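**Student:** generate coordinates for the sequence data below:
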Amino acid sequence: MNRLGDVKINGKPYRIDVRSYRDRDIVDFSPRAGTPGGSVIHSELSMYQPLMQTDWRHGFGFHWYSDAQGYMSTSGNLDTRHDGIVMMSTTSTSSDTNNNAKEGFVTWNSLVWAWGAAGLHRLSGTTWTIPYTTAAVNFAFASGDYLFYCPDGARLRKVSKADSHTDAGNDSDSKDYKWIIMHAGFLYAGVDGTNRVHRDSTSDMSDLEGTTSDPDVIYVGSVNDSFPTLGAVVFSGNLYISRGDGLWHLGEDLIARRILDFTNEASADNFRGMVVHNGYLVFPVRDKVYQWNGARISDVTPPRITDTFPYTTYGRFDNFVTMGRFLYCTARTNETTYHEDLLCFDGVGWHKLMRLATSTDSISSMGYDSIGNRLFYHLNASADVTYYIPFQSQSEFPYATFPTTGTHSLISSRLDMGFRRVDKSMPSLLVEASNVSTTQYLKIYYSLDGEDWVAWGDENITVDGITELKLPSGLQTVEFKYIKLRVDFVTALATSSPILEGLTLRFLMRPDTWYGWSFTIPIAKGMDMGETVQNRDVLDVLNDLKEARSSKSPVEFIDLFGERHLVYMSSNVGQATEYDRDEGGRYPNVEYMRMVNLVEVA
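**Tutor:** Next up is the predicted model:
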């Protein structure tokens, strides 16, 4: 280099003021004043930043960390609906194994009733009886003094509070109804497999007709077209009737007009149910869940629940039930061997409370018992079973009947701290817990960059308060681009659950380190360049530096040691030091000191 100069930039040699030569790393490792979770840095965390999660109310589905109230998924029975805590959710209790499939539930006369293929069922204590067995029953409707039920293909029936079963309707043609609803002083009934609706103003439905000769017959759509009615709901003072092609409004003039058009998505899976929740009408269309406020429709479908291919999602939403501020429904995963889960929607996020069925089994019905404060559901399986989930009185927290076996886990999102491709270093995890002991505790696992789950040592969270988990096996830190955390909930006592209140992951950004150089280049024509002299005009040298500064692609830099780097010139600042007016040549002889900065690139 001495023969040609001290350094080279973009193929040109330069003599430099060696005392001005500086090189340094250009990556800032100092902690910021805030964190991705929005929390301030605590002094006890030293140079490490905290990523805090102290709430989970927004529900599952965040695949990359984007919300301190989000997580990816749960397994087993976990309840994430409540401010600041995660706890176990209630187990279900079997109320019968009589192998009678149930298609719906209703509470009337202080009893729970169900209907299905075996007829009308009634729950007395813990035993289901069948007071009507002559045919399958399509529907049952509670209305004051009577419980009306609709035998499949047969005449409408009613039950009095004296437990007397008698015919209802105008005559023997009043038969084969699919649904009944009350609105504005009238009872409306849809005929199974048709788009025909009849109505009656009598309390015992003694004047309800059932044929096309009914002078007050109502057709939802064209006369006898291909889409039968599926159900009806009263929302915001109006009566709406669903079909596979959309939602229809029945006006005071008894004309049905389609309000929401899903003709292009017509399917037998559309409008499997409808329910009013928090001022919205909620219903499924194919594998989407929508909420409608009477003017605007919004997609509130749960997000996917896995982060790698093939992605697991929920569909076939069914059995919609509201209780308090929560909406409950069932949904199936899109796996070949599917699972059917109990989901809960709080108006913002979805929560999975428990797994109800697997593979070829299914949930045929679900209903809320306002007398016993229980959520009933029926499992269609090789041996059918009806279950109920008890609720607490005057509380939204789960009823204290918790599972003592099985795996019950909360799985975090992929935590990348906002920079997916930057390496992070982690020394420990802070776990905030309560109601824990040696027999009911939390166990922590982690997964680095998509690898298998690793237990965070043998230590369980058994002491209330904040526990700092150091890394197992004597490790000072682990390094990763993203991490997932799993918290397992274990209890030996069915009446008590461990509580997770918060997680704080300590981390330090450790991006790849790159370097920069700065130095001063003296420029004068005839200047000693080692074994030669600077014979280029000063202006030519300045233009060479300008060319290197303007380059859109990296340029070559040969440093003092002869090492080669690819760099960008990030600044090029000059100061004239002498001006020889009397010297001839192509340009005036102006001597310069040029300060340049170079930045290494990948």
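**Student:** quick one: residues contacting Glu468.
**Tutor:** Going by Cβ atoms under 8 Å, 6 or more residues apart in numbering, Glu468 touches 428-431. Every residue, glycine included, has its C-beta placed from N, CA and C.
**Student:** just the closest of those to Asp23, please.
**Tutor:** Using Cβ to Cβ, Ser428 is the member of those that sits closest to Asp23, with 34.5 Å.
**Student:** so, low pLDDT: which residues of this protein?
**Tutor:** Within the chain, the ranges that satisfy pLDDT under 70 run 1-4, 28-46, 530, 582-585.
**Student:** need the contacts of Glu468 in TSV (columns: distance to Asp528, secondary structure and neighbour count).
**Tutor:** TSV is the format used below for the contacts of Glu468 (distance: Cβ to Cβ, whole Å; DSSP: H, G, I helix; E, B strand; the rest coil; neighbours: other Cβ atoms under 10 Å):
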residue	distance to Asp528	secondary structure	neighbour count
Ser428	59	strand	18
Leu429	62	strand	21
Leu430	63	strand	18
Val431	68	strand	24
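**Student:** who are the contact partners of Arg564?
**Tutor:** Neighbouring residues of Arg564 by Cβ under 8 Å, 6+ apart: 556-558.
**Student:** relative to the whole chain's centre, how far out is stretch 315-328?
**Tutor:** How far stretch 315-328 lies from its chain's middle: 16 Å, per Cα atoms, centre = their mean, to the nearest Å.
**Student:** mind listing what's buried in that stretch?
**Tutor:** 315-322, 326-328 (16 or more other Cβ atoms under 10 Å).
**Student:** of the contacts of Glu468, closest to Phe105?
**Tutor:** Closest approach to Phe105 among the contacts of Glu468 (Cβ to Cβ): Val431, at 40.9 Å.
**Student:** tell me the contacts of that closest one?
**Tutor:** Applying Cβ under 8 Å, 6+ apart, the residues contacting Val431 are 442, 444, 461, 466-469, 487, 500, 502-503.
**Student:** if we use 7 Å, what do you get?
**Tutor:** Val431 sits next to 442, 444, 461, 467, 469, 503 when contact means Cβ atoms under 7 Å, 6 or more residues apart in numbering.
**Student:** sorry, back to before: could you dump the contacts of Glu468 to a markdown table with distance to Arg199?
**Tutor:** Compiled in a markdown table, the contacts of Glu468 are given as follows (distance: Cβ to Cβ, whole Å):
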| residue | distance to Arg199 |
| --- | --- |
| Ser428 | 68 |
| Leu429 | 63 |
| Leu430 | 63 |
| Val431 | 60 |
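**Student:** can you pull up the bridge partners for Met52?
**Tutor:** On the basis of DSSP bridges, Met52 takes part in beta bridges with Thr504.
**Student:** wait, I meant Arg24
**Tutor:** Legend: beta-bridge partners of Arg24 under DSSP bridges are Gly516.
**Student:** in this structure it contacts Gly516, no?
**Tutor:** Yes - under the criterion of Cβ atoms under 7 Å, Arg24 makes contact with Gly516 at 6.1 Å.
**Student:** who has more neighbours out of these two?
**Tutor:** More crowded of Arg24 and Gly516, by other Cβ atoms under 10 Å: Gly516, with 16 against 9.
**Student:** ok, the more buried one - contacts?
**Tutor:** 23-24, 26, 597-600.
**Student:** swap in Val348?
**Tutor:** The contact partners of Val348, taken as Cβ under 7 Å, 6+ apart, are His58.
**Student:** 10 Å - rerun?
**Tutor:** Val348 sits next to 57-59, 69, 300 when contact means Cβ atoms under 10 Å, 6 or more residues apart in numbering.
**Student:** just the contacts of Val431: which are in strands?
**Tutor:** Residues of those located in strands (DSSP state E): 442, 444, 467, 469, 503.
**Student:** looking at those residues, state which has the most neighbours.
**Tutor:** Of the ones in strands among the contacts of Val431, with other Cβ under 10 Å as the count, Leu503 tops at 23 neighbours.
**Student:** next one: that one relative to Val487, how far apart?
**Tutor:** Leu503 sits 8 Å away from Val487, going by Cβ to Cβ, to the nearest Å.
**Student:** what's the answer for Phe391, then?
**Tutor:** Using Cβ to Cβ, we find Phe391 at a distance of 25 Å from Val487.
**Student:** quick check: Val282 vs Val300, distance?
**Tutor:** For Val282, the distance to Val300 (Cβ to Cβ) stands at 7 Å.
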